[in-house]
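A.B. asks: build the 3D model from these lines:
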Amino acid sequence: MPYTGSCACGAVTATIAGEPVAVRQCWCRQCQRVAAGSPTTNAIFATDDVELSGTLTTTSYVAESGNTLTQSFCGLCGTPVLAQSSARPQFRTMRIGFLDQPHGLAPQVAIWTDDAPAWAHIDPALERFARQPPAPAPAKA
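C.D. replies: Residues are numbered from 1 along each chain as shown. The predicted model follows:
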């Protein structure tokens, strides 16, 4: 099923042709900063499946994993749109809140759980990784 997305003001939109290779909840400290203390929830799509329109504002930093992470958001309304890891250029990590409903996507994995605050509730049904997980498998052709 194709997915679509838009920021709060509509200046940035996306059409995504394929299915995600993974849906993850990330508890790293940087994601907690982006998500006001909670985890980010992200669907990882093949780069070639993602078509964006509008102007993104980006910021980059070296993450605890050692990879350069570039986060992109709408410069007009601030809606987080996607992240891109230097280690995985074949993927775009789309923020679930950016995707239009109903999309039916839910996290399958919780990552960087060692960074979660003591009060965090992490669904016990989710597979967990204390730190950086292995790369997701490529999308099936």
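A.B. asks: check which residues of stretch 72-80 are buried.
C.D. replies: For stretch 72-80, a neighbour-count test (16 or more other CB atoms under 10 Å) marks Ser72, Phe73, Cys74, Thr79, Pro80 as buried. Every residue, glycine included, has its C-beta placed from N, CA and C.
A.B. asks: roughly how far apart are the second one and Ile122?
C.D. replies: Right, Phe73. 25 Å (CB to CB, to the nearest Å).
A.B. asks: now the helices for the chain?
C.D. replies: Using DSSP state H, the helices of the chain run over 29-34.
A.B. asks: dump the worst-scoring helix or strand of the chain on mean pLDDT to PDB, restricted to CA.
C.D. replies: Every helix and strand of the chain was ranked by mean pLDDT, DSSP states H and E. The lowest is helix 29-34, at a mean of 91. C-alpha atoms of helix 29-34 as PDB (Å, rounded to 0.1, in the frame of the first residue of the first chain):
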ATOM      1  CA  ARG A  29      18.800  10.600  24.200                       C
ATOM      2  CA  GLN A  30      18.700  12.500  20.900                       C
ATOM      3  CA  CYS A  31      15.400  11.000  20.000                       C
ATOM      4  CA  GLN A  32      14.000  11.900  23.400                       C
ATOM      5  CA  ARG A  33      15.100  15.500  22.800                       C
ATOM      6  CA  VAL A  34      13.300  15.500  19.400                       C
END
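A.B. asks: what about the residue lying closest to Pro107 once chain neighbours are set aside, neighbour count?
C.D. replies: Once flanking residues are discounted, Pro107 sits nearest to Gln25: 4.1 Å by CB to CB, 6 or more residues apart in numbering. Using other CB atoms under 10 Å, Gln25 is surrounded by 26 other residues.
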